[in-house]
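K.L.:
structure of the sequence below:
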Amino acid sequence: MNRRQFGGGVIGLGALLLGQGAQAQGAVHPLTPAWELWKQGFLAVDGRVTDTLQQGASHSESQGYGLTLACEMSDAEAFARIFAWTESNLALRSDQLLAWRWLPEAEVRVPDRNNASDGDLFYAWALMQAATRFGVDSYATRARAIVADLVRLCIVPFPDGSGRLAFLPAVAGFVRDDAVIVNLSYYMPRAMRELATAMGEPRLAQCASDGEALMAELAASGTMPDWIALTATGPAPAEGMSDRSGYEAMRVPLFLVWSQNARHPAVVRQADMLRSAQARDPALRDSPTVIDRMTGQVMERSPDVGYAAVAALIDCAARGASAGVTLPGSPIPPFTAAQPYYPATLHFMALLAQMEGYPLCVPL
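P.N.:
Alright, predicted model coming up:
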C-alpha cells in the first residue's frame, strides 16, 4: 500500500513523559491531551479511523492501530466504537480476518476482500489486551479466532528449505512460483509473541523470531526494504515492488524498539543512516522518508513531524543500547494532529514506546 503524505493543535509533552511510573496511583495518562487531539483528527463518531490522503479510506490497519491506541489509553468508549464499526464493515470474509480497505465514496465500499495481516495482527493484539483491561471476555474470543486464522492462512515456510516461517502480507497474492513476498513492517514482534503465548500458537512466536533473524541478515547490507522476496537461494528484491527503505520500512525499527529490542541490527543501521543523512545536509530539517537502502542516499523527505518523532526515538534507543547507558533527553517533537493520519499515528506509537521502555529518552 502507498503510504500517506489534517488539522489540530500541538501538545508539548516534555517532562510529562516520565516513563511507566507516570501512571501510578490512578494518575491521568500523560498522553491524554495528545490522545484527544488524535481522536479529534482521525476518529469519526461512528468509530471509523479515517485516512484523508487515501481517498478518505479506512483500513484494517487504521482500525487495528486505532484499537491498539484506545486500549493503551484505557479508553473503553473509543475502543468499543472502533470495534463495532470494524466488525460491521470489514469483518466480511468467510474466515475470521478483516477485509483490508473501505472506501466511503465507492459504489462498492469494500471492492477487495483480501486481508492485510498487519491490520489483523494489531486488531487481535488490542482485543487480547482489552479483554483483561476492560473485563470483556468476548474480546478475547474474537482475538483467538483471528489469531487462529492468521496462523493457518498467513504463515508459510521460507522457500529455502530452512524450516523458517514467513508472515504473508495477506492471504492472497504474495506466494509466487519462485518466491514468497514479505513486508517486514507487517511484523510486530511484541504483539506476535504476546498473542502466541496467550493463544497457544507457538508458530506465531517462531515467525517473529525468524522475521527478526531475516531483518538482521538484511541489515548487514543496508536498511530495511519496503518489500523483499524470499527465494530458494535467499532474499532478493521483489519484482515490481519497492526495494527502497521508505514509508513501509520505517515501521520496522519502530516496532523493534517498541518490542524492547533496540540492540537489533536493523535499529542500529537505521539510526546510523539517519545520523549520516543529517550530517550530509545539516541545514535540512525535513525528515528522510525514502532512502536507497544500500547507499543511504535520501530520495524523499517530509515536514510531517511524526517521522521526526520516530527517527528521534530510534536514535536515542539505539545509542543507549550500544553504549549501555542512555543520555537523558531526546528531540522527539511535541505531538500534533496537524499532519496526516499515518505520521500522526506513528508519532503516537513512538511516544507510547518511549514511555513504556525508554524513560530516559524523554522528549526535550
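K.L.:
which residues in this structure form strands?
P.N.:
Counting by DSSP state E, one finds strands in the chain at the ranges 10-11, 58-59, 101-102, 155-157, 165-167, 180-182, 228-231, 234-236, 287-291, 298-302, 335-336.
K.L.:
CSV please, covering these and showing mean neighbour count, mean pLDDT and distance to residue 44.
P.N.:
To be clear about C-beta, it is placed using only N, CA and C from the backbone, and glycine gets the same treatment. As requested, the strands of the chain are arranged in CSV below (neighbours: other CB atoms under 10 Å; pLDDT from 0 to 100; distance: least, CB to CB, whole Å):
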stretch, mean neighbour count, mean pLDDT, distance to residue 44
strand 10-11, 18, 54, 21
strand 58-59, 25, 97, 9
strand 101-102, 24, 97, 12
strand 155-157, 16, 98, 33
strand 165-167, 23, 98, 30
strand 180-182, 22, 98, 32
strand 228-231, 21, 98, 35
strand 234-236, 15, 97, 40
strand 287-291, 24, 96, 27
strand 298-302, 17, 96, 25
strand 335-336, 26, 97, 20
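K.L.:
residue 72 is in contact with residue 351, isn't it?
P.N.:
No - contact between residue 72 and residue 351 fails when scored by CB atoms under 8 Å: they sit 10.1 Å apart.
K.L.:
those two: which has the busier surroundings?
P.N.:
Taking other CB atoms under 10 Å, residue 72 and residue 351 do not tie; residue 351 has more neighbours (24 against 21).
K.L.:
what number of residues lie near the residue nearest to the more buried one when sequence neighbours are not counted?
P.N.:
Nearest residue to residue 351, sequence neighbours excluded (CB to CB, 6 or more residues apart in numbering): residue 31, at 6.0 Å. Residue 31 has 24 neighbouring residues, counting by other CB under 10 Å.
K.L.:
poorly predicted segments of this protein, please.
P.N.:
1-26, 321-327 (pLDDT under 70).
K.L.:
not counting stretch 73-85 itself, show me its contacts.
P.N.:
29, 31-32, 35, 39, 43, 45-49, 63, 66-67, 70-71, 126-127, 130, 133-134, 139 (CB atoms under 8 Å, 6 or more residues apart in numbering).
K.L.:
so how do I select the buried members of these in PyMOL?
P.N.:
Listed next is the PyMOL selection for buried residues among those, using 16 or more other CB atoms under 10 Å:
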select buried, resi 29+31+35+39+43+47+48+49+63+66+67+70+71+126+127+130+134+139
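K.L.:
out of the contacts of stretch 73-85, name the ones that lie in helices.
P.N.:
Among those, the residues falling in helices (DSSP state H) are 32, 35, 39, 63, 66-67, 70-71, 126-127, 130, 133, 139.
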